[in-house]
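Student: From the sequence below, what's the structure:
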Amino acid sequence: MRFDPNVIITHEQMVTMLNRYLEYKKYGLNNATSVGTVKYTDMSNLNDWSLNAVKEFADKLILNSRADGTGFVFKPQQKATRAEMAAVLARFISCINNETAADNIPITSTGYSSSIIDSYID
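Tutor: Residues are numbered from 1 along each chain as shown. Modelled structure (predicted):
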């Protein structure tokens, strides 16, 4: 992966960057609620460099799953939206502040996090 600040990131890149921040700061997610091993039906589409980060973030409920008729999917190569990044970042910050990620950010009928997106000024 090369550094390019203007490229749109994917789901797996978003999670990997946050995980690398945890490693850099020597933080852990040990105090976050764990639901056990979360399996996505598209885990085989993950790159090796993102596999552990995605597993840990899903296990700690930092990631929400989407159902596609065959089970839960992560869609690792799908582009991350600002709303997805905001919701993941809020749950991520909650975890590193020793709160539980199970207190999910409320999602409105539009699919956006009302508490974050409504207050966001572009």
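Student: mind listing the helices for this protein?
Tutor: Under the criterion DSSP state H, the chain carries helices at the ranges 11-25, 48-59, 82-96, 114-117.
Student: Val35: which of these is closest?
Tutor: Nearest to Val35, of all those, is helix 48-59, at 6.4 Å by C-beta to C-beta. In short, each C-beta sits where N, CA and C put it, glycine included.
Student: packing partners for that closest one?
Tutor: Judged by 3 or more C-beta pairs under 8 Å, 6 or more residues apart in numbering; DSSP states H and E, helix 48-59 is in contact with helix 11-25.
Student: for this protein, where's the lowest mean pLDDT among helices and strands?
Tutor: Ranking every helix and strand in the chain by mean pLDDT, DSSP states H and E puts helix 114-117 at the bottom, with a mean of 40.
Student: what about Thr16, distance to Gly69?
Tutor: Plainly put, Thr16 is 27 Å away from Gly69 if you go by C-beta to C-beta, to the nearest Å.
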